[in-house]
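S.K.: Return atomic coordinates for the entry below.
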Amino acid sequence: MDKIEKLPHSDTYARLGASEIQGVGVFAIRDIPAGTNIFSDDQLGVYWYDKARVDSEVTDPAIKSYYTDFCILQDGKYGCPINFNSMTLGWYMNEPLEGTVSNVRVDDNYDFFAERDINKGEELTTKYSVFSEPMHRY
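M.R.: Numbers count the residues shown, from 1 in each chain. Next up is the predicted model:
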């Protein structure tokens, strides 16, 4: 067995919790400095599936809601985790409340960075329209 120097919490900045915005959200478990790649060890990636195929093959509303609640929509394709059982924290981030500004930005690789210093206990939010076309989510 390989010796691993870092403990599993070393680069962990957030965890899931009950959100006042929408259901489940992502919350800072420590202060996060501006510019931090919050989920830097998440290497699972985004996988793209034709929306038309999903719409024709997925008829169960409970399963379809995975696509509309969690996935990215771009150019007629859903960006998803490789399997919904593999969803990491980033898939659970909510949008900020109306009239407030998100504290997390997303780059072209779908990496999440602290837009500003984020305080321990604060919910992480991001603006979906920056990286996804609009779709009914709730």
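S.K.: and the closest residue in space to residue 118 that isn't next to it in sequence, what does it touch?
M.R.: What sits nearest to residue 118 in space, not counting adjacent residues and going by Cβ to Cβ, 6 or more residues apart in numbering, is residue 32, at 4.1 Å. All C-beta spots, glycine's among them, are computed from the backbone N, C-alpha and C. Going by Cβ atoms under 8 Å, 6 or more residues apart in numbering, residue 32 touches 13-14, 38, 114, 117-118.
S.K.: Quick check: pLDDT value at residue 32.
M.R.: pLDDT recorded at residue 32 is 98.
S.K.: Counting neighbours, which of the contacts of residue 32 end up buried?
M.R.: 13-14, 38, 114, 118 (16 or more other Cβ atoms under 10 Å).
S.K.: Relative to residue 70, which of the residues you listed is nearest.
M.R.: Nearest to residue 70 among those: residue 14, at 16.5 Å, using Cβ to Cβ.
S.K.: Quick check: the closest one touching residue 124?
M.R.: Yes - under the criterion of Cβ atoms under 8 Å, residue 14 makes contact with residue 124 at 5.9 Å.
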